[in-house]
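[1] below are the sequence and a predicted model for it; my questions follow.
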Amino acid sequence: MQESSITSRHTTCRSKGGNATTTSNTLSSIFSCVLQLFLIVQAGVFIGYYFALPTLQSINGKKGHHVSNLRSTGLHNIQVGKFVPESYADVRMRQIQNAIRAKRAFAKEDNFDDLSANGGIVRLSNMLVDAIEKDVPSDIDTLKSCFGYEVSYGNGGTAAPATVSPSSKCRSTEIARSKQTMLVVFNPYPRRRRWCGHTIDAGQVVTIDDISSECQESWMNLAVYPPPSLAEDADDGIEIITSSFVHGQFDELQVRARSDCDVPCVWKGPAYGTLRVSGTKWLITQSAEGPRYYDELNIDPEAHLKDHYYSTTSFQSEIPLPYFSWGEYDIKSKPVRYDEAIKGASFIANNCGSMNDRESLVKGIQESGFRVDSLSGCLHNAEPPNGLGMENKNELMRQYLFHLAFENQNEDDYITEKLWGSLQAGTVPVYFGAPNIREHAPAGSIVIAADFGTPKALGEYLSRVASDKKLYERYHIWRRKDYPSEFAQKYNFTFVHSECRTCRWAFARKKGLGFNHEQQTITPPRLSREVCTNEMTGLIHRPFKESYLSYDMTQHTYADALQTHQSTMTDRENESAKGSRGHATCSKRGVQSTFVFSSLEIERSVVEHDNIIDITFEVRPRHVHKRRSSPPLFLRFESRIQSNRVYFTAFDHRSPVSRRTFNSGDTAHWQTAADGMKYIQIKDRNSTVSVWADWETQMYSPFDGAIDVLLSADTHVMHQAGVIYRRIRVIVEDSDQLHYDDNVGVPSYFAKNAAKDFYHPLEFLYSDGS
């Protein structure tokens, strides 16, 4: 491993003869030197811009810090400040030259990206340099990365994969012991993070010389473990912004916090219109109108893949917005008195241009001889009885045995106040509208127009019921009983205001929490995220079973590769629950275990935070025969998911997702570098498990609920590379039952953001006074 230091580099140009003894030779030597320098500079400029580094800008040293060997590049000699008076662009171009020279010397491929650790150079942002200049004390002259870059040579001069390994200088014991060593931590992620008792703002550098007790375990290398967690932030609350507010049509008086909601919830603007959730690109189309008049209210089944969601009368929208709610309607009010009510039906509508031609149905009923009083603008033929006015529709409907609750369109779930108002009035609704009305109205409470072949047949039936008191009163029996369980369950969510339900949905989606669409509530995940390990084996016992397997390439069989283990808890407060073998110890902070294999030793650390599980591996070679390759080593996770051997993979969090079905040939994929991946997902209707790796590897699902991750393809190669650090992030979520599709493996919003966080680790540097 190499650690760069502050040095002045001097280049000496000599003539071919060695000593410049003549003026001619001297001039020739000078000219040759200048020409070489010019060509090098021109090549550097070309190479730098060829690799498209859009963030390159000139930086003038302010206080003067030297930064070497950053993990995000995995290369040497990143120097900024007064010690090397050159622009950041020049530094990066020289760095790329070094990388290309190294690539040509060490490997056959021309893929420059492979040089960096973890499969790809992450461009170093000026943000880091600016933060160092701003936040690091000026008396600190030298900063070294906690990560060193190393290339090892094998037989015949071939190179093992380049590796980046943490420096021992950044172990917790070293920081705590040394009075001179100071840790410098940079947060490149655009969210505040918490790490070892410190809060680090986005883009901020902090200097740390006091390590909290939770981070002082002897085995911890702070550059690797523990991972940061997201700090409480304003983004944790849910702010709903309506289009009317955005367009300036409403002032701050329209801003309201819903104190009655069980999640942080603020609305800006009136409770209608197009909605947006702060901090996201989500767009929610909200309306209580019907889709026949407004085409944009027709739900696109793939809209959620484009961050477009719905809050409409449809129960297939993310946040259903029905007309009925327990707070607005008491539909079990006293029924109308049969002996006092008009033996006919009222009809109230102003729109005579309905989409379902309800007007023809009204006329047909009237032509059958049954009395229909049309009291408003459409088909008007009567005035309100008993001196009543149109302003009191509830009392007006109570004057009749029936009310024609006819919608202006026939759409599932589009059930308006025409039905709920007439039930509350105590009359019997004759309903025409939503085809799935039986899924909504209490059984036996309404007459359904669609049950009759013709308007005449419907009119004749109404005449018969109107003339038979016992038959009529059957339609009110339900009022004297408890609400049908189906109805109560279906509309139970309306006890909570739609604004709060919108915030619940957004909060759950942001945080990776379970969300019961039917009840519109946040729920614990069906698969627990609590990390429990088996005391006898040291392996994870819950939420999945962890195992390590070697693969026999000739017999095509797996074998248990683990020989011994040793485990350490990182917290003092833990719970024990009886496991399948011994006890399962559940840690609230994390667990560290050392696993010994025939040719490798792995120090594995695991912790659950922010509803995700992070696993870190420090892989060391043991006794490896110089000329013999060892079988590949796989890490296996087993869960209860019934995935039917279907899994989804991608090269990284930006790449398209591929759907695959496991077959025996998949076990040989590790030999094909072009088939590498960093992401895998398995799921069923209840749960989804996704695994993210920070290196290019192979993953597949050999049977239901299982994920295999290739840790080492060849321990002989790994022996050449030395100690290797690898990270895995496991995300356990409830599946989106509303949009479940077993052909789609696109990560959830939460998983995507967790991946972005994962691929933007904290940058660690240190100053030891040297």
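    It's in. Residues are numbered from 1 along each chain as shown.
[2] which residue ranges form the helices in the stretch 301-450 of the chain?
    Defined through DSSP state H, counting those that start in this stretch, the helices belonging to the stretch 301-450 of the chain, from first to last, are 358-367, 393-397, 417-425.
[3] which positions within the last one qualify as buried?
    Meaning helix 417-425. For helix 417-425, the neighbour count (16 or more other Cβ atoms under 10 Å) marks 418, 419, 420, 421, 422, 423, 424, 425 as buried. For the C-beta atoms, the positions are set from N, CA and C on the backbone; glycine is no exception.
[4] same check on stretch 371-387?
    Within stretch 371-387, the residues scored as buried using 16+ other Cβ under 10 Å are 371, 372, 373, 374, 375, 376, 378, 379, 384.
[5] identify the residue nearest the third one in space, chain neighbours excluded?
    Which is residue 373. Ranked by Cβ to Cβ, 6 or more residues apart in numbering and with sequence neighbours excluded, the top spatial neighbour of residue 373 is residue 382, at 3.8 Å.
[6] between the buried residues of helix 417-425, which is nearest residue 766?
    Distance to residue 766 across the buried residues of helix 417-425 (Cβ to Cβ) is lowest for residue 420, with 67.8 Å.
[7] need the per-residue pLDDT for the closest one.
    Note on residue 420: pLDDT of 98.
[8] that one: what's it in contact with?
    Taking Cβ atoms under 8 Å, 6 or more residues apart in numbering as the definition of contact, the neighbours of residue 420 are 323, 324, 328, 329, 331.
[9] output those residues as TSV; include the columns neighbour count and distance to residue 594.
    Formatted as TSV, the entries for these read as follows, by neighbours: other Cβ atoms under 10 Å; distance: Cβ to Cβ, whole Å:
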residue	neighbour count	distance to residue 594
323	18	62
324	21	60
328	12	62
329	18	64
331	21	66
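[10] in TSV: the residues you listed, plus distance to residue 687 and pLDDT.
    As requested, these are exported to TSV (distance: Cβ to Cβ, whole Å; pLDDT from 0 to 100):
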residue	distance to residue 687	pLDDT
323	34	97
324	32	98
328	36	95
329	37	97
331	38	97
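[11] nearest to residue 559, of the residues you listed?
    Distances from residue 559 to the contacts of residue 420, taken by Cβ to Cβ, are shortest for residue 324, at 61.2 Å.
[12] contacts for stretch 740-760?
    With Cβ under 8 Å, 6+ apart as the test, stretch 740-760 has contacts from 122, 188-189, 191, 230, 280, 305, 307, 509-512, 610-612, 614, 644, 646-648, 652-653, 657, 659, 679, 681, 683, 685, 688, 690, 692, 694, 727, 729, 731, 733, 736.
[13] can you say which of the helices of the stretch 301-450 of the chain is nearest to residue 287?
    The closest of the helices of the stretch 301-450 of the chain to residue 287 is helix 417-425. By Cβ to Cβ, the value is 15.3 Å.
[14] lowest-confidence helix or strand of this structure?
    For the chain, using mean pLDDT, DSSP states H and E, the weakest element among its helices and strands is helix 88-106, scoring a mean of 38.
[15] re the thing from before, does the residue nearest to residue 373 touch residue 371 like I think?
    No - no contact is recorded between residue 382 and residue 371 when judged using Cβ atoms under 8 Å, the distance being 9.1 Å.
[16] need the max-distance pair from the contacts of residue 420.
    Of all pairs drawn from the contacts of residue 420, the one with the longest distance (Cβ to Cβ) is 323 and 331, at 11.6 Å.
[17] not counting its neighbours along the chain, what's nearest residue 291?
    Among residues not flanking residue 291 along the chain, residue 297 sits closest, at 4.1 Å (Cβ to Cβ, 6+ apart).
[18] so the one you found versus residue 231, what's the distance?
    39 Å (Cβ to Cβ, to the nearest Å).
[19] who has more neighbours, these two?
    Residue environment comparison for residue 297 versus residue 231 gives the larger neighbour count to residue 297, 21 against 16, counting by other Cβ atoms under 10 Å.
[20] that older thread, out of the helices of the stretch 301-450 of the chain, the one nearest residue 475 is which?
    Each of the helices of the stretch 301-450 of the chain was checked against residue 475 via Cβ to Cβ, and the shortest separation belongs to helix 417-425, namely 10.4 Å.
[21] does residue 506 touch residue 241 like I think?
    No - using Cβ under 8 Å, residue 506 makes no contact with residue 241, being 11.5 Å away.
[22] which neighbours do those two share?
    By the contact definition Cβ under 8 Å, 6+ apart, residue 506 and residue 241 are jointly contacted by residue 277.
[23] the two: which has the busier surroundings?
    Neighbour count, other Cβ under 10 Å: between residue 506 and residue 241, residue 506 has more, with 28 against 18.
[24] average pLDDT for the one helix or strand the more buried one maps to, rounded please.
    Assessed by DSSP states H and E, residue 506 sits inside helix 498-511. What helix 498-511 shows for mean pLDDT is 95.
[25] residues making contact with it?
    The contact list for helix 498-511 (Cβ under 8 Å, 6+ apart) reads 238, 240, 258, 260-265, 267, 271, 275, 277, 279-280, 282, 284, 311, 318-319, 321, 493, 496, 513-515, 520-522, 611, 748-750.
[26] can you pull out the strands in the stretch 251-400 of the chain?
    Secondary structure of the stretch 251-400 of the chain (DSSP state E, counting those that start in this stretch): strands located at 255-257, 265-268, 273-277, 283-286, 308-311, 342-347, 372-374, 400-406.
[27] deepest of the ones you listed, which one?
    strand 400-406 (a mean of 27; mean count of other Cβ atoms under 10 Å).
[28] okay, that one in PDB with CA atoms only?
    The C-alpha atoms that make up strand 400-406 are tabulated as PDB, following Å, rounded to 0.1, in the frame of the first residue of the first chain:
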ATOM      1  CA  TYR A 400     -90.500  10.400  -0.900                       C
ATOM      2  CA  LEU A 401     -90.300   6.600  -0.600                       C
ATOM      3  CA  PHE A 402     -87.500   6.500  -3.200                       C
ATOM      4  CA  HIS A 403     -84.800   8.700  -4.600                       C
ATOM      5  CA  LEU A 404     -83.300   8.200  -8.000                       C
ATOM      6  CA  ALA A 405     -79.600   8.300  -7.200                       C
ATOM      7  CA  PHE A 406     -78.400   8.400 -10.800                       C
END
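[29] who does it touch, helix- and strand-wise?
    Strand 400-406 is packed against strand 342-347, helix 358-367, helix 417-425, strand 428-432, helix 455-466, with contacts defined by 3 or more Cβ pairs under 8 Å, 6 or more residues apart in numbering; DSSP states H and E.
[30] mind putting these into CSV with distance to residue 620?
    Written out in CSV, the entries for these read as follows (distance: least, Cβ to Cβ, whole Å):
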stretch, distance to residue 620
strand 342-347, 83
helix 358-367, 78
helix 417-425, 69
strand 428-432, 73
helix 455-466, 82
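[31] for residue 197, find the nearest of the ones you listed.
    When these are compared by Cβ to Cβ, helix 417-425 sits nearest residue 197, at 55.4 Å.
[32] just the C-alphas of that closest one, formatted as PDB.
    The C-alpha coordinates for helix 417-425 follow below in PDB (Å, rounded to 0.1, in the frame of the first residue of the first chain):
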ATOM      1  CA  GLU A 417     -73.400  12.100  -2.600                       C
ATOM      2  CA  LYS A 418     -76.400  11.100  -4.700                       C
ATOM      3  CA  LEU A 419     -76.200   7.700  -3.000                       C
ATOM      4  CA  TRP A 420     -74.800   8.600   0.400                       C
ATOM      5  CA  GLY A 421     -77.100  11.600   0.800                       C
ATOM      6  CA  SER A 422     -80.300   9.600   0.000                       C
ATOM      7  CA  LEU A 423     -79.300   6.900   2.500                       C
ATOM      8  CA  GLN A 424     -78.700   9.500   5.100                       C
ATOM      9  CA  ALA A 425     -82.100  11.000   4.300                       C
END
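[33] what angle separates that helix from strand 428-432?
    Put simply, helix 417-425 runs at 170 degrees to strand 428-432, going by axes from the mean of the first three to the mean of the last three Cα atoms, to 10 degrees.
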